[in-house]
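# Quick one, structure for this:
(chains A and B)
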Protein chains: 2
Amino acid sequence: MKVFNDVLDMQSYSKGLRLKGKTIGFVPTMGALHEGHLSLVKRSLEENDITVVSIFVNPIQFGPQEDLDRYPRDLEGDRKKLESLGVDALFLPTPEKMYPEGFKTYVTVEGLSEKLCGAFRPGHFRGVTTVVLKLFNIVKPTRAYFGLKDFQQTLIIKTMVRDLNLDIEIVPCPTVREPDGLAMSSRNSYLSEDERRGANLIYLAMKEAEKTLMESMSFSRAVETLNEHLRKSPHVREIQYASLYDPETLEDLRDVDVKIYGKKEAVFAVALLYGKARLIDNLIVKIGGRE
Amino acid sequence: MKVFNDVLDMQSYSKGLRLKGKTIGFVPTMGALHEGHLSLVKRSLEENDITVVSIFVNPIQFGPQEDLDRYPRDLEGDRKKLESLGVDALFLPTPEKMYPEGFKTYVTVEGLSEKLCGAFRPGHFRGVTTVVLKLFNIVKPTRAYFGLKDFQQTLIIKTMVRDLNLDIEIVPCPTVREPDGLAMSSRNSYLSEDERRGANLIYLAMKEAEKTLMESMSFSRAVETLNEHLRKSPHVREIQYASLYDPETLEDLRDVDVKIYGKKEAVFAVALLYGKARLIDNLIVKIGGRE
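Numbering: from 1, shown residues only, chains lettered A, B, ... in the order given. Modelled structure (predicted):
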């Protein structure tokens, strides 16, 4: 596995491959790799000639009060996992190389970036789209893989790619869960043992809410069920958002009549301050059917 | 000369050429082509295997009170000029194809876009950087050519390219002037005969100010000379800005001591509401020497 620390080295490696007609699959990550990340890597390995993974804890997507400093890092473990899967290249830039002095260009996807997580993490998605666009320009992928656990992020990146005419296929991949339903996340490592035991509550609450939706065909009742279940846990410090949303516009559907809603899918999405972590999760549901 | 109206057709033409190892030179324009534009085209033809020109009057870089509707258009004339020079491809998208419904992604170069013209045309440079990035992703140029008459625009685009790791060389080209010194601009066609006769005042004022600078070695005196000359014309409705600037930061230098200013170049830049037009121009000066 090649390891690149320098932007221009990475870029010229990719450029050479694309000129030879090779396809490049790209998995951008912040490291502390778990089975969710590895499922993206495996899919990229299947679908492309070359797979590039980046590990970069992107400072500009963290707010001043957030967990940039304590974000989990395990570079040696990550490297071994990627090497053993057969990844071709690992890109490991430093913040100084990504944001040299005088950096001042930002990309924003307006109207989607301010909703859900964006309302609680101002500037977060601006940081995400900016770094992802930079990484795309450096790694020059044919396809890029994103986990649907970050539903809003994947939607925003798909929108950016469409709007900026980027010649890249965005491949959204299903959320990988622990056996008890908890969505895998590097931030799960913040949880105490006791907190971890109850942390599948978001998944269970969304499944209950899905059942209510199927039975009642009422968005508002489904959202009530969701919130009732979330409120039961003593570890929940704050429900930042918990509702059912239009998966294209992120419009909150709780006051919408199912009969008027014309689309076939909706998405439950939740963000909690839970124990020592902030947890997010989501569940796409078919209207008139089960996921 | 190939003519493309469709984004995907243009993109796949360029993609095919880049895969064959061809270099592509790109000149993005808003049409109504004059000798300034043609000088960029000629340079691109000399330096690249293939030259692509785009003509697109970009609605998102015009303010609501600006001249989008009356901006000069001469598609047939433009096409003949480009064809006779030997341009390989002309890209002619419509606003609907560049900004389909739901478009919401914008690029901004913060700290440079709000100064000079940006202060009088809010959102202008956001519109410029967004369309230029889209055009770059569609046309996939090796090199792109911009006129230094739009000094601030060229600086902002160079900054965007650096910050977003675009693998494109930005080639700034000298301003082309009429025999009397007036910088060529499609907007000069707005001027009445009488206004046109006096419109070289910006150039003459900058040359006078340069002389003052060389003699006095005082930025503030040079800026005084500049403004004195500009105020003499009866056609000047407003001096939006007229000063000497740091060509990298666009910092206004009028209160800076020449001895403290460490750089070898500065730039006079002027924007006037003049007769029926808004005119801009600039002059790069060597500190301790002549242009």
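
# Any part of stretch A:15-30 near chain B?
Yes: shown here: stretch A:15-30 in contact with chain B (CB under 8 Å from any CB of the partner chain) through A:15, A:18-19, A:21. For every residue, glycine as well, the C-beta is placed using N, CA and C.

# Buried among those residues? Make that a PyMOL selection.
The following PyMOL line selects those of the residues of stretch A:15-30 next to chain B that are buried, judged by 16 or more other CB atoms under 10 Å in any protein chain shown:
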select buried, chain A and resi 18
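
# biggest separation within the residues of stretch A:15-30 next to chain B, which pair?
A:Lys15 and A:Gly21 (12.5 Å; CB to CB).

# As a check, name the ranges of all helices in the stretch 101-250 of chain A.
Applying DSSP state H, counting those that start in this stretch to the stretch 101-250 of chain A gives helices spanning A:117-120, A:124-139, A:151-163, A:193-198, A:201-216, A:219-231.

# Smallest gap between the stretch 1-150 of chain A and chain B, at which residue?
Closest residue of the stretch 1-150 of chain A to chain B, CB to the nearest CB: A:Thr105 (3.5 Å).

# Secondary structure, distance to A:Ser233 and pLDDT for the residues of stretch A:15-30 next to chain B - can I get that in CSV?
Formatted as CSV, the residues of stretch A:15-30 next to chain B follow (DSSP: H, G, I helix; E, B strand; the rest coil; distance: CB to CB, whole Å; pLDDT from 0 to 100):
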residue, secondary structure, distance to A:Ser233, pLDDT
A:Lys15, helix, 50, 97
A:Arg18, helix, 49, 97
A:Leu19, helix, 54, 95
A:Gly21, coil, 53, 95
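
# While we're on A:Glu291, how confident is the model there?
For A:Glu291, the pLDDT comes out at 40.

# go on, A:Thr105?
A:Thr105 is assigned a pLDDT of 98 by the prediction.

# related to what we said a few turns ago, so the residue of the stretch 1-150 of chain A closest to chain B bridges to which residues?
B:Val109 (DSSP bridges).

# Now for it: which residues touch it?
A:130, B:107-110, B:129, B:159-160, B:163-164 (CB atoms under 8 Å, 6 or more residues apart in numbering or on different chains).

# do A:Ser189 as well
A:32, A:72.

# separation between it and A:His34?
9 Å (CB to CB, to the nearest Å).

# give me the low-pLDDT residue ranges for chain A?
By pLDDT under 70, the low-scoring segments of chain A are A:288-291.

# Write out the residues of it neighbouring chain B.
For chain A, the residues in contact with chain B (CB under 8 Å from any CB) are A:7, A:11, A:15, A:18-19, A:21, A:102-112, A:129, A:133-134, A:137-138, A:159-160, A:163-167.

# Please indicate which of the residues you listed are buried?
Buried residues within the residues of chain A next to chain B, defined by neighbour count using 16+ other CB under 10 Å: A:7, A:11, A:18, A:103-109, A:112, A:129, A:133-134, A:137-138, A:159-160, A:163-167.

# show me the residues around the residue lying closest to A:His229 once chain neighbours are set aside that make contact.
Distance criterion CB to CB, 6 or more residues apart in numbering or on different chains; nearest residue to A:His229, sequence neighbours excluded, is A:Ala205 at 3.5 Å. Contacts for A:Ala205 (CB under 8 Å, 6+ apart) come out as A:225-226, A:229-230, A:242, A:270.

# per-domain residue ranges of chain A.
A:2-173, A:186-281 (automatic domain parsing).

# what's the first-to-last distance across the shortest one?
What it means is domain A:186-281. Terminal residues of domain A:186-281 are spaced 13 Å apart (CA to CA, to the nearest Å).

# Could you report the neighbour count for A:Val161?
Look at A:Val161: counted by other CB atoms under 10 Å in any protein chain shown, it has 21 neighbours.

# Thought A:Ile168 was touching it, still the case?
Yes: shown here, A:Val161 and A:Ile168 form a contact pair, counting by CB atoms under 8 Å, at 5.7 Å.

# Just the strands from chain A, written as ranges.
In chain A, the strands defined using DSSP state E lie at A:2-4, A:24-29, A:50-55, A:89-91, A:105-109, A:143-147, A:169-173, A:236-245, A:265-274, A:277-286.

# where's A:Leu213 relative to chain B, distance?
Distance, A:Leu213 to chain B, by CB to the nearest CB, to the nearest Å: 27 Å.

# And for that residue, nearest residue in space, chain neighbours not counted?
Excluding the flanking residues, the one nearest A:Leu213 by CB to CB, 6+ apart is A:Ala222, at 3.8 Å.

# show me what contacts that neighbour?
A:209-210, A:212-213, A:216, A:244, A:268.

# Greatest separation within the residues you listed: which pair is it?
Checking these with CB to CB, the most distant pair is A:Ser216 and A:Phe268, at 14.5 Å.

# Out of the residues of stretch A:15-30 next to chain B, flag the one nearest to B:Lys149.
Distances from B:Lys149 to those, taken by CB to CB, are shortest for A:Lys15, at 32.6 Å.
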